[in-house]
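Q: Got a predicted structure here, sequence first:
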Amino acid sequence: MIEILEKKDCCGCEACVQRCPKQCITLKEDEEGFLYPEVNKDVCIACGLCEKVCPVINQGKPIEPLSVFAAINPDEEVRLKSSSGGIFTMLAESVIDRGGVVFGVSFNKEWEVVHKYTETKEGLAEFRGSKYVQSRVGNTFSQAETFLKQGREVLFSGTPCQIAGLKRFLRKDYSNLLTVDFICHGVPSPGVFRQYLKEEKEKVARKGRKNTVSFSSKSTLVPERDMLKPNEVEIEHISFRDKTAGWKKYSFVLVLTKATAAGEKIQFSSRKNLRINPFLRGFLKDLYLRPSCHECPAKLLKSGSDITIADFWGITALMPAADDDKGYSIITLNSTKGEETIGTLSIRKVFFTYEDLKRTNRAIECSPTIPLSRVAFFSSDGKTFHEKIKKLAPIEFKKIIKLELHKLINLIRL
């Protein structure tokens, strides 16, 4: 029976919940906004299946990939809408072309991050782009198992621990399953993200105007009679990795709307660089990652995935001539199935060593350390999200000025 004595021992993959034959395991959100399993002991039959499918208890062995290469999607539009080089879309489209099913991560109607599947290329648009919040797996492991038993080809994408959980959940290898994960820094709290969005909506409510404005600027406060109510403000769009200002200096974009009595929509938009946006600043400071992320059970390709995709942050040093700041992927092929699938794609590959990858993207082997400020973030009762971020993850103006000067110098040289 699953009993979580230390929170670092649960990665939240939900494999135990889905595999329980008596459905006696439920998820409960803790004070940090993460979900953990709880067992109804009156119903539990002590079959032990929940422990057998746990990827923390049953960790894989570190492996070295069969090959490592950099590549991009030749479709510029798809590439720009993707977090890095757009290779995942190419893989997913090839599976759908063969009548398969693709599982990925999307926003639901409440703007929570959830796993779901699509059988159409149009549905892949929801899966593009990083979403820096832990996703709800729900019953997608069970759904994938059903498709696999029907003989359908399935591509399942997720964090390394989620792929490890899926593999344990299935309890057997399927020739028609392709698993794709990514080099993961860690997953932020859904509860913290929910609070951040709530405060952003409240900010718009206080600074609402009867025209289109940017609420990232200092708007004049409106009379109380014209003030919007937070529940009247709706989220229209969220992007964690907008590339308008470039791939390396991506921005968080949030678009909110409010319908007027005349049926018109007032739009409020915010586009902030990763070093300015409060949520991204806290994420980059590791303030609200899941405890298990600091002792990740799936580093060093232990997830058992067929393919791992990541941002090619080493491009400046290893392939500078190809760096157009539009995003580049680096891919590891971890199985012959992964090799065969990539072999069907029309992409130009530039090969590197695994040592090159580890040197330029250390997250493939190293878990983030727990910052001392993490405790302060979650123990600051009565403080708003924005107040805590302002204190614990202040804007580093010197670093921003240095980056802007560097960019200006490069433009002058051109």
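A: Arrived safely.

Q: Name the residues of the helix or strand containing residue 38 that are buried.
A: Under the criterion of DSSP states H and E, residue 38 resides in strand 35-39. Residues 35-37, 39 are the ones in strand 35-39 that count as buried (16 or more other C-beta atoms under 10 Å). To be clear about C-beta, it is placed using only N, CA and C from the backbone, and glycine gets the same treatment.

Q: now swap in stretch 85-98 and tell me
A: Buried residues in stretch 85-98 (16+ other C-beta under 10 Å): 85-96.

Q: got the contact list for the strand holding residue 38?
A: Residues from elsewhere that reach strand 35-39 (C-beta atoms under 8 Å, 6 or more residues apart in numbering): 1-4, 7, 10, 12, 14, 16-17, 24-30, 50, 136, 190.

Q: Now intersect these with the helices, please.
A: 16-17, 50, 190 (DSSP state H).

Q: Include distance to residue 75, pLDDT and neighbour count when you put those residues into CSV, please.
A: As requested, these are exported to CSV (distance: C-beta to C-beta, whole Å; pLDDT from 0 to 100; neighbours: other C-beta atoms under 10 Å):
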residue, distance to residue 75, pLDDT, neighbour count
16, 39, 98, 25
17, 38, 98, 25
50, 43, 97, 24
190, 32, 98, 23
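
Q: what's the most distant pair in those residues?
A: For the ones in helices among the contacts of strand 35-39, the maximum inter-member distance is 22.2 Å, found between 50 and 190 (C-beta to C-beta).

Q: Next secondary structure after the helix or strand in which residue 331 is found?
A: Using DSSP H and E, residue 331 sits within strand 329-333. Downstream of strand 329-333, the next assigned helix or strand under DSSP H and E is helix 336-342.

Q: What is that next one packed up against?
A: helix 87-97, strand 177-182, strand 307-311, strand 329-333 (3 or more C-beta pairs under 8 Å, 6 or more residues apart in numbering; DSSP states H and E).

Q: what sits against residue 236?
A: Contacts of residue 236 (C-beta under 8 Å, 6+ apart): 255-257, 267.

Q: one more time with 10 Å, if that's ok
A: 254-257, 265, 267-269 (C-beta atoms under 10 Å, 6 or more residues apart in numbering).

Q: and residue 359, how many neighbours?
A: 13 (other C-beta atoms under 10 Å).

Q: for residue 390, that is, sorry about that
A: Neighbour number of residue 390 under other C-beta under 10 Å is 14.
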